[in-house]
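Asks: Got a sequence here, can you build the structure:
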Amino acid sequence: MIDRLLETLQTKLNSRRVADPDTLRRLTKRYTPKPASTPQQSPLDYIQRIALPGGKPYNLAQHNDLTAIAEDDARIVIVRKAAQKGVTELMIRLQFYLARRGYSAAYFLRSRAYMRLLVQSRVEPVIAANKELLDALMPADDEEESDRKVPRKYRLADNVTLKRLYGATLLYMGLQSEADVRSFPLDAVFADEVETLKPELADALQERLYHSALKWERWFSQPTAVGYGIDERFQLTDQRHQLFTCDSCRAEFMLEESFPHCLGYLKDDDSPLPLGEGSGARATYLCPRCHKPFNPLAARWRWVAKYPSRSSDAHGYHLTQLYSHTMTPDEVARLYRLSLTSPNRMERFYNSVLGLPYAGGDTQPIHPDKLAYHNYPLVPINPDAPRYAGVDVGDTLSLVVIEMGDGNAWYVAAIEELQGPNKWDDLRQILQNLRVQSVGVNAMPYKDSAKKLLRDLAPRIGGAIIYDASDDAKPSAGQEDAEFGDPVPRLVYPRTELMDATVSALLSHAVHLPPRHMRETERLLKHLQNYIVERDAQGNRRYARGREDHLGRALDYALLIARSDARYIPPTALTPDNFYLPLRLEPRIL
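Replies: Numbers count the residues shown, from 1 in each chain. This next block holds a predicted model:
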C-alpha cells in the first residue's frame with residue numbers, strides 16, 4: 001500500500017510544479033511516533049516550543065494569565081474574555097498538542113469564509129515556520145480515506161479544511177449546518193467566537209465526542225449579552241477570576257468587578273485623584289479600598305473560583321484587558337470616558353475591554369430593572385376586563401394571558417408551561433376558565449393541533465393562527481382551510497417587527513408584569529432577556545433564533561391578537577392598518 005501511495009503521489013506531483021526535491025521528500029515521508037517510553041511533554045512546554053510565523057519564539061511571558069488555561073486538563077474549559085487576549089493562538093497550539101498525543105480535534109467558527117481566513121493567516125504560517133510540524137504533516141491514503149467513507153472534498157491531506165498531523169486528524173470547519181457537525185468522530189472540539197454560533201448547532205458538537213475517552217471541549221469568545229452565548233456557558237462553570245492583592249492594605253479584589261472604582265488619576269506629585277477629576281493627569285489603577293496606586297502587572301494574584309463545588313464539571317476563566325501588557329490605564333480611561341457618551345459604546349467597552357456581558361444595551365434590550373410590575377397574583381385581576389392569550393407551540397405549550405388594567409396598560413394575568421399527552425386539552429380548559437376573548441397560536445410546528453384548538457374554542461373564544469414572516473414581508477391576514485368550509489383566521493407578521501413591538505411595549509410600561517418575586521415572573525423574565533439582537537450575513541438586524549424565549553413569544557402573540565382583536569373584526573377586514581393600533585387602545589367589546 002505504501003508503494004502504491006508513493007507512486008500515486010509521484011504521479012500527482014509530476015503533473016504539478018514542485019519547488020524542489022525536499023518538498024517531495026517531506027510529503028512522502030511517513031511520520032514515526034516517538035516510542036511509548038518517551039515521557040509525555042507538558043502542554044505548556046510544547047506550545048512554547050512551537051515558534052511564531054517568521055521564527056520568533058512564542059512564550060507566555062506577557063500572557064501569563066493564559067498559563068493556567070494551557071495546563072488545564074479538565075474535560076470542559078470555558079473562557080469568557082476581552083478582545084485580543086491571545087486565546088486563539090493558544091488554542092491552535094493546544095490542538096497541535098492533542099494531535100501529537102494521537103487525538104483528533106476540530107476547530108469551529110461561524111462560517112467557512114472566516115475559517116479559511118483563520119487557517120491561511122494563523123494556522124498554516126505556524127506550520128510552515130516549524131520543521132517539527134512540517135515533518136509531522138502527512139499525506140492521506142486515498143484508498144484508506146475512501147474505505148472510511150470520508151467525503152471526497154475532505155480527502156486531501158493538507159488543505160484548508162483537513163490536516164493530518166502526527167497521524168491524527170485536525171479539522172477546521174465553519175459551523176453552518178448539521179452536516180458540519182456530523183462529519184467526523186472527534187476527541188476534542190474547539191469553538192471560537194461562540195456568540196456568533198447558532199445555539200442549536202453548537203449544542204450538537206458534544207455528540208461528536210461520545211466515542212472518545214478524552215472528550216475535551218474548549219469554548220472561548222468575547223461575551224455580548226447576559227445569559228447568552230459564552231456567558232451562559234461560563235455561568236455553569238466554577239467561574240475563575242483573577243484575585244489581586246494590594247501591597248499597601250492587603251485588600252483582595254477582582255479588577256473587572258471593582259471597575260470603575262479601581263481606575264483613577266495621578267497628579268504631578270503622584271497623589272491620586274478620583275475618577276472624573278483627572279483632567280490633564282495620567283491615569284492609573286487604584287486599590288478600591290485604600291485608593292493607593294496599584295499596578296496589576298507587578299501585583300500578586302491568583303485564580304480563585306467563585307463556585308469551587310462545580311470544579312469537577314467545568315472550569316471557567318474570565319480574562320480582562322485591565323490586566324494587560326499592551327493596554328495602558330490611559331487607554332482604558334479614554335475608552336471609558338468615550339463609552340459614557342452612548343449606550344452602544346458602553347456595551348462595546350464592557351464586552352471588549354472588561355470582558356463582561358452587558359445588560360440592557362442594543363444587543364439585549366430587555367432588563368428586569370427597566371420594566372413595570374403590577375401587584376396582583378396570577379389570576380384574573382378584573383373579571384370584567386378584556387382578556388387575550390398567546391401560545392407558543394412546541395413540545396411544551398407556553399401560554400401568556402394579558403388583560404386590560406389600570407391606565408389602559410396591559411397586565412400579564414397568567415403564565416403557564418404545559419407538557420404531557422393532554423397538554424392541548426389542558427390548554428383549552430385554561431382558556432375557557434379564564435374567559436379569554438381571543439387567542440393567538442403560533443402555527444408551527446404543530447399546525448393541525450393549533451387549528452383544532454381554535455375550532456374547539458369557537459365561537460365562544462375567537463382567535464387566529466400566527467405565522468412568523470421574513471423581515472422583508474408585509475403583515476397580512478386571511479383564512480386557512482376556507483376551501484373546505486371550515487376556515488380558521490390567519491395572521492402573518494414579520495418576526496423582527498413583532499418582537500420589536502413587544503420590547504417597545506415593555507420598555508414604555510404599556511405592559512406590566514406580575515410581582516417580580518414570583519417564580520412564573522422569573523421564568524418570563526429569563527425568556528424575555530433571551531431576546532438577543534444580532535446581525536445576519538448581510539448586516540440586517542434580527543433577533544437570534546434557537547434561544548429559550550418561548551414565553552416571550554407567547555407574549556408577542558397575545559399583544560398581536562389584542563391589537564387585531566380577531567374575534568370582533570372579520571378576517572376579511574383585517575389589514576396592515578389593524579396591526580398598528582396603539583397598544584394602549586382598549587379593545588372593542590360586544
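Asks: For Met499, which non-adjacent residue is closest in space?
Replies: Counting by Cβ to Cβ, 6 or more residues apart in numbering, Met499 lies nearest to Tyr543, which is 5.1 Å off, once chain neighbours are set aside. Heads up, the C-betas are built off the backbone N, CA and C, glycines and all.
Asks: all strands for the stretch 451-590 of the chain, in order.
Replies: In chain order, the stretch 451-590 of the chain shows strands spanning 462-469, 476-480, 488-494, 511-513, 533-535, 541-543, with DSSP state E, counting those that start in this stretch as the criterion.
Asks: same for the first one, what does it pack against?
Replies: Going back to what we said before, that points to strand 462-469. Counting contacts by 3 or more Cβ pairs under 8 Å, 6 or more residues apart in numbering; DSSP states H and E, the secondary-structure elements packed against strand 462-469 are strand 438-442, helix 447-457, strand 476-480, strand 488-494, helix 495-507, helix 550-564.
Asks: now the last one against helix 495-507, angle please.
Replies: Helix 550-564 runs at 90 degrees relative to helix 495-507, counting by axes from the mean of the first three to the mean of the last three Cα atoms, to 10 degrees.
Asks: how far out from the middle of the chain is helix 550-564?
Replies: Distance, stretch centre to chain centre, for helix 550-564: 25 Å (Cα atoms, centre = their mean, to the nearest Å).
Asks: Report the mean per-residue pLDDT for it.
Replies: Here helix 550-564 scores 92 as its mean pLDDT.
Asks: what inclination does it have with respect to strand 488-494?
Replies: Using the same axes, to 10 degrees, helix 550-564 lies at 110 degrees relative to strand 488-494.
Asks: All the helices of the stretch 251-400 of the chain, residue numbers only.
Replies: If you assign secondary structure with DSSP state H, counting those that start in this stretch, the helices in the stretch 251-400 of the chain sit at 255-258, 329-339, 343-349.
Asks: Need the residues that contact the shortest one.
Replies: Spelled out, it's helix 255-258. For helix 255-258, contacts defined as Cβ atoms under 8 Å, 6 or more residues apart in numbering pick out 241-242, 244, 262, 285, 288, 296, 318, 320, 322-323, 354-356.
Asks: how does the chain divide into domains?
Replies: 42-233, 240-305+320-354, 368-579 (automatic domain parsing).
Asks: can you put those domains in a markdown table and add mean neighbour count and distance to Ser311?
Replies: Compiled in a markdown table, those are given as follows (neighbours: other Cβ atoms under 10 Å; distance: least, Cβ to Cβ, whole Å):
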| stretch | mean neighbour count | distance to Ser311 |
| --- | --- | --- |
| domain 42-233 | 18 | 8 |
| domain 240-305+320-354 | 17 | 6 |
| domain 368-579 | 18 | 26 |
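Asks: out of the helices of the stretch 251-400 of the chain, which comes closest to Arg80?
Replies: For Arg80, the closest of those is helix 255-258, at 10.3 Å, according to Cβ to Cβ.
Asks: mean confidence for the closest one?
Replies: Confidence for helix 255-258, expressed as mean pLDDT, is 92.
Asks: Now that we have the helices of the stretch 251-400 of the chain, can you turn them into TSV and tack on distance to Asp45?
Replies: Formatted as TSV, those follow (distance: least, Cβ to Cβ, whole Å):
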stretch	distance to Asp45
helix 255-258	29
helix 329-339	33
helix 343-349	37
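Asks: Which among those helices is found nearest to Arg435?
Replies: Between Arg435 and the helices of the stretch 251-400 of the chain, the tightest spacing by Cβ to Cβ is seen for helix 343-349, at 41.8 Å.
Asks: And the closest one, how far out from the chain middle?
Replies: Here helix 343-349 is found 18 Å from its chain centre; the criterion is Cα atoms, centre = their mean.
Asks: Can you say which of the helices of the stretch 251-400 of the chain is nearest to Met115?
Replies: Short answer: helix 343-349, nearest of the helices of the stretch 251-400 of the chain by Cβ to Cβ, at 24.8 Å.
Asks: What mean pLDDT does that closest one get?
Replies: This predicted structure assigns helix 343-349 an average pLDDT of 86.
Asks: that older thread, narrow the contacts of helix 255-258 to those in strands?
Replies: For the contacts of helix 255-258, the ones inside strands are 241-242, 244, 285, 318, with DSSP state E as the criterion.
Asks: Which two of the residues you listed have the greatest separation?
Replies: Every pair in the ones in strands among the contacts of helix 255-258 was compared (Cβ to Cβ); the two farthest apart turn out to be Tyr285 and His318, at 17.2 Å.
Asks: in the stretch 351-500 of the chain, which segments are predicted with low confidence?
Replies: With pLDDT under 70 as the threshold, the stretch 351-500 of the chain has low-confidence stretches at 360-361.
Asks: 90 - rerun?
Replies: Low-confidence segments of the stretch 351-500 of the chain, defined by pLDDT under 90, are located at 358-370, 375-386, 394-395, 404-409, 435, 443-448, 457-494, 497.
Asks: circling back: rebuild the domains of the chain as JSON lines, extending it with distance to Ala314.
Replies: Listed next are the domains of the chain as JSON lines, based on distance: least, Cβ to Cβ, whole Å:
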{"stretch": "domain 42-233", "distance to Ala314": "4"}
{"stretch": "domain 240-305+320-354", "distance to Ala314": "11"}
{"stretch": "domain 368-579", "distance to Ala314": "20"}
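Asks: how about the ones you listed, which one is nearest Asp313?
Replies: Nearest to Asp313, of all those, is domain 42-233, at 7.0 Å by Cβ to Cβ.
Asks: residues touching Leu371, list them.
Replies: Counting by Cβ under 8 Å, 6+ apart, Leu371 has contacts 506-507, 509, 513, 525.
Asks: Using PDB, write out every CA atom in stretch 404-414.
Replies: Output in PDB follows, covering the C-alpha atoms of stretch 404-414 (Å, rounded to 0.1, in the frame of the first residue of the first chain):
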ATOM      1  CA  MET A 404     -56.600  45.500  30.400                       C
ATOM      2  CA  GLY A 405     -55.500  47.000  33.700                       C
ATOM      3  CA  ASP A 406     -55.200  50.500  35.200                       C
ATOM      4  CA  GLY A 407     -54.400  53.400  32.900                       C
ATOM      5  CA  ASN A 408     -55.100  51.200  29.800                       C
ATOM      6  CA  ALA A 409     -51.900  49.200  30.300                       C
ATOM      7  CA  TRP A 410     -51.900  45.500  29.700                       C
ATOM      8  CA  TYR A 411     -51.400  43.400  32.800                       C
ATOM      9  CA  VAL A 412     -49.900  39.900  32.500                       C
ATOM     10  CA  ALA A 413     -52.500  37.800  34.300                       C
ATOM     11  CA  ALA A 414     -51.400  34.200  33.600                       C
END
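Asks: Show me the contact partners of it.
Replies: Stretch 404-414 is touched from outside by 372, 374, 376, 378-382, 385-387, 389, 399-403, 430, 434, 505, 509-514, 524, 555, 559, 562, 583-587, with contacts defined as Cβ under 8 Å, 6+ apart.
Asks: need the strands for the stretch 1-150 of the chain, in chain order.
Replies: Assigned by DSSP E, counting those that start in this stretch, the stretch 1-150 of the chain shows strands spanning 76-81, 105-109.
Asks: Out of those, which gets nearest to Arg345?
Replies: Nearest to Arg345 among the strands of the stretch 1-150 of the chain is strand 76-81; the distance by Cβ to Cβ comes to 19.6 Å.
Asks: any idea of the mean pLDDT in the closest one?
Replies: Along strand 76-81, the predicted confidence averages to a pLDDT of 97.
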